[in-house]
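Chemist: Got a predicted structure here, sequence first:
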Amino acid sequence: MATAGKSLQGVLQNDLEPEIISHDPETGNEKSKPKDNDKSIKTKKKKKKKKRKRKTKAQKEQEKLEKGAKKIQQDEDAMDKFINKINMWLAKHLSEVFLLFDTFDTNGTGFLSYMQFKTGLVEVKIPCNKVELHLFTQLMDDEKTNLIDYQKLSHGIIKNRMVEFAEELEYCEVCGMGETDATFNPKIKRYVQLELRMSTFNQIRNHHSHFFIVVLSDTLIQFLINQIFLFTQISTTRMALFTDRACTADSMLPDNNSLEECGFFGYCKSHPQEVVLFYDFRVDFTECSLLMADHYF
């Protein structure tokens, strides 16, 4: 009885609802609007969902490389190890790399595409995985032209290339760069970007014996001399660093002194102090068979 009563009440309620009547402005006739509870009105069309475009395999691989490269850049220790590894490898294999890239550069422009650059480095067996190789390629393309000036490899990877400057700052609040009487905070590690140039070829701007290196301000001069040996593969026991291109005795830096003790205090990692030093050496002839011979013929 309760169920029958409810159904009867619903029927009566529907019959008692006033019918909405409106006038047709064109004909002047009255017309009734359908009731709101009409099932045909309540039926809504289902909206078609837009299908997302599926990424290609190449796009997915590219995104993976970008994420991996960004992760290395965000880790300072990992970035330092990566740059040092590449610079040390280039010091030993630079001539081999140049010979191969010269064959790729058939037009003699000095530029290679990303694909040519990566393919060549893989061919000479650079100690990098795919992510590191992608990062290396990005660092070599400073102006984002998708072309690599492979002649810049003679300079190695400059450490502050990984810092993207929104604008050139005249003063740094962290390290005091740009202030003549800056207060040096001993807790902040300070860096010096060195351009080491062989004095003999100083007039040649991009000679392969010139290279860059970024080190802490407390680095010893002897360590820098060892880096020159690794980069140039010069065999001598008499190598020295100078502040003057003439390499005079007064401008020679003592081996046991640090850069700070030589007057190069450095700035923060984002703005390393830029310094140009010159190196020179004397060739040892201790193993020369002609000089060691008793008689000349």
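Modeler: On my side now, so go ahead.

Chemist: Mind splitting this structure into its structural domains?
Modeler: Here the domain parsing of the chain from automatic domain parsing is 59-158, 165-297.

Chemist: which strands and helices sit next to the longest helix anywhere in the chain?
Modeler: In the chain, with assignment by DSSP state H, the single longest helix is helix 76-104. Under the contact definition 3 or more CB pairs under 8 Å, 6 or more residues apart in numbering; DSSP states H and E, helix 76-104 sits against helix 57-74, helix 114-123, helix 130-140, strand 211-216, helix 221-232. Glycine gets a C-beta too; all of them are placed from N, C-alpha and C.

Chemist: picking up where we left off before, turn the domains of the chain into a markdown table, columns for mean pLDDT, mean neighbour count and distance to Lys53.
Modeler: Putting the domains of the chain into a markdown table (pLDDT from 0 to 100; neighbours: other CB atoms under 10 Å; distance: least, CB to CB, whole Å) gives the following:
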| stretch | mean pLDDT | mean neighbour count | distance to Lys53 |
| --- | --- | --- | --- |
| domain 59-158 | 86 | 15 | 10 |
| domain 165-297 | 77 | 15 | 33 |
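
Chemist: mind checking how far the residue nearest to Glu132 when sequence neighbours are not counted is from Ala69?
Modeler: The shortest distance from Glu132 to any non-neighbouring residue, by CB to CB, 6 or more residues apart in numbering, is to Phe82 (6.1 Å). Phe82 sits 10 Å away from Ala69, going by CB to CB, to the nearest Å.

Chemist: Over to Thr145?
Modeler: Distance from Thr145 to Ala69, by CB to CB: 18 Å.

Chemist: thought Lys85 was touching Asn129?
Modeler: No: with contact defined as CB atoms under 8 Å, Lys85 does not reach Asn129; the gap is 11.5 Å.

Chemist: Relative to the lengthiest strand in the chain, what are the paired strands and their orientations?
Modeler: Assignment by DSSP state E gives strand 273-282 as the longest strand of the chain. Sheet pairing of strand 273-282 (DSSP bridges) gives strand 191-198 (parallel), strand 238-242 (antiparallel).

Chemist: so that strand versus strand 211-216, what angle?
Modeler: Orientation check (axes from the mean of the first three to the mean of the last three CA atoms, to 10 degrees): strand 273-282 against strand 211-216 gives 120 degrees.

Chemist: ok, back up a step: who touches both of Phe82 and Ala69?
Modeler: Contact criterion CB atoms under 8 Å, 6 or more residues apart in numbering; residues shared by Phe82 and Ala69: Leu135.

Chemist: Spatially nearest residue to Phe101 (excluding sequence neighbours)?
Modeler: Tyr150 is the one closest to Phe101 (CB to CB, 6+ apart), at 4.7 Å.

Chemist: I figured the one you found hits Phe98, correct?
Modeler: Yes: counting by CB under 8 Å, Phe98 is a contact partner of Tyr150 at 7.5 Å.

Chemist: before we move on, could you check phi and psi at Gly108?
Modeler: phi 70, psi 30 (degrees, to the nearest 10).

Chemist: Next, find the distance separating it from Met140.
Modeler: Counting by CB to CB - Gly108 and Met140 are separated by 19 Å.

Chemist: what helix or strand is the closest residue to Phe201 other than its chain neighbours on?
Modeler: Spatial nearest neighbour of Phe201, excluding adjacent residues (CB to CB, 6+ apart): His207 at 4.2 Å. If you go by DSSP states H and E, His207 is not part of any helix or strand.

Chemist: was I right about His207 contacting Ser199?
Modeler: No: shown here, His207 and Ser199 do not form a contact pair, counting by CB under 8 Å, at 11.0 Å.

Chemist: shared neighbours, those two?
Modeler: Joint contacts of His207 and Ser199 (CB under 8 Å, 6+ apart) do not exist.

Chemist: Contact partners for the residue nearest to Phe101?
Modeler: Here Tyr150 is in contact with 97-98, 101, 105, 110-112, 117, 140 (criterion: CB under 8 Å, 6+ apart).

Chemist: how does it look with 10 Å?
Modeler: 97-98, 100-102, 104-105, 110-112, 116-117, 120-121, 140 (CB atoms under 10 Å, 6 or more residues apart in numbering).

Chemist: ok, it to Phe82 distance?
Modeler: Counting by CB to CB - Tyr150 and Phe82 are separated by 19 Å.

Chemist: likewise Met140?
Modeler: 13 Å.
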